[in-house]
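S.K.: can you look at this prediction? I've put the sequence above it.
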Amino acid sequence: MAPPSAAGGSGLPAPERGADAVLYVVDGRGITNADLGDFILRYFPDRARDALGQLVDEALVTAEAGREGVDVAAGEVRARADAYIEERRRDVRIQYGPDAVLEQLLAERFGRDFESFRRDAERLARVALLRDRLVRLDQIREARVEVRALVFPDRAAADAGLARLRDGADMTLLAERLGLRAPAAPAPLARSDVRPAERAEELFAAAPGDLLGPTPFEAPDGRTCWEVVKVVAAWPGDGAPWPELRERVEAELRRRAVGVPEYLAWRGRAIERAAVEVRRGGRGLVPWLGEDAR
């Protein structure tokens, strides 16, 4: 595909907003944004699913940030947006050649000006930055425990391993010596993350350093394995307002980026708090909005 012309933009107006905005007129009939959206929903459901998922995610972030009073500095939003734009500049040069210019591509191929593109980039950046802070704040709000879990192939091995751990053996080194998989180290767990409820009660009643188990469970291949859990750390929930917790949240983000499992756990709780309703026309479009959403 040829690179964008070095000449000026095509003079196309910026895209109109709103469902009734007319994109094209064919034989006197207007094709609107609503027509485009309906067509994508019908014939390109995967793309519609991705877009709708992002819209729901943004709505959740907006609702949670408003509820908690969480904000993010304008300078951070600009910096994240600048990084996103630079990635798009590199993409343009890779696809269209080293002399291709993002601003010209936006004007000639999409009828867009750079300032509106930057505003959209800042919108994405703000949502991402708020989401990370909301995930960490949500973790601070709930009592949590951090654990390590070592899996044994049978009860006898688990009992022997537990005895060595109680004698002071390091869990990681013990796994290496016994030829076991390295201990699992999940993100800090909230009470709602642990099933069954009895297991959660036991876990949250334990103190850092306590060893729990062995507990049987069914492995994916159908075998019965045994798990020994060590409580590494525990934190009580903190209901202080955002301004008092801001520095703690920022420090946690500097120490460790938000992982996908943490984000998914937050999203599940945010869906419940926002009382998300899946209407008939939306069922099945976003898989993570299941039938249990109201």
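M.R.: That came through, no problem.
S.K.: so which strand or helix has residue 42?
M.R.: Per DSSP states H and E: residue 42 is located in helix 33-43.
S.K.: tally up the residues packed near the closest residue to residue 36 other than its chain neighbours, please.
M.R.: Distances taken as Cβ to Cβ, 6 or more residues apart in numbering put residue 23 closest to residue 36, at 6.5 Å, once the chain neighbours are dropped. The way it works is simple: take the backbone N, C-alpha and C, and place the C-beta from them, glycine included. Number of residues near residue 23 (other Cβ atoms under 10 Å) recorded here: 12.
S.K.: going forward, the N-terminal residue is numbered 54.
M.R.: Yes, from this point I'll number from 54; that puts the last item at residue 76.
S.K.: you'd agree residue 76 is up against residue 90?
M.R.: No - using Cβ atoms under 8 Å, residue 76 is not in contact with residue 90; the gap is 11.0 Å.
S.K.: ramachandran coordinates for residue 323?
M.R.: phi -70, psi -40 (degrees, to the nearest 10).
S.K.: and residue 280, helix, strand or coil?
M.R.: Assigned with DSSP: H, G, I helix; E, B strand; the rest coil, residue 280 falls in the strand class.
S.K.: give me the domain ranges for this protein.
M.R.: 123-195+300-311, 196-288 (automatic domain parsing).
S.K.: and residue 105, how many residues sit next to it?
M.R.: 17.
S.K.: for the helix or strand hosting it, buried residues please.
M.R.: For residue 105, the host element (DSSP H and E) is helix 98-121. Using 16 or more other Cβ atoms under 10 Å as the test for burial, helix 98-121 gives 101, 104, 105, 109, 110, 111, 113, 114, 116, 117, 118, 121.
S.K.: again with stretch 77-91
M.R.: 85, 86, 88.
S.K.: try stretch 176-189
M.R.: Under the neighbour-count criterion of 16+ other Cβ under 10 Å, stretch 176-189 has 178, 179, 180, 181, 182, 183, 184, 185, 186, 187, 188, 189 buried.
S.K.: circling back: pretty sure the residue nearest to residue 89 sits in a helix.
M.R.: No - read with three-state DSSP, residue 76 is strand and lies in no helix.
S.K.: any idea how far it lies from residue 99?
M.R.: Distance from residue 76 to residue 99, counting by Cβ to Cβ, to the nearest Å: 22 Å.
S.K.: what about the closest residue to residue 238 other than its chain neighbours, neighbour count?
M.R.: Once flanking residues are discounted, residue 238 sits nearest to residue 201: 5.6 Å by Cβ to Cβ, 6+ apart. Using other Cβ under 10 Å, residue 201 has 18 neighbouring residues.
S.K.: what's the mean pLDDT across whichever helix or strand residue 201 is part of?
M.R.: For residue 201, the element it lies in under DSSP H and E is strand 197-205. What strand 197-205 shows for mean pLDDT is 94.
S.K.: packing partners of that strand?
M.R.: helix 208-219, helix 224-231, strand 242-243, helix 250-258, strand 277-288 (3 or more Cβ pairs under 8 Å, 6 or more residues apart in numbering; DSSP states H and E).
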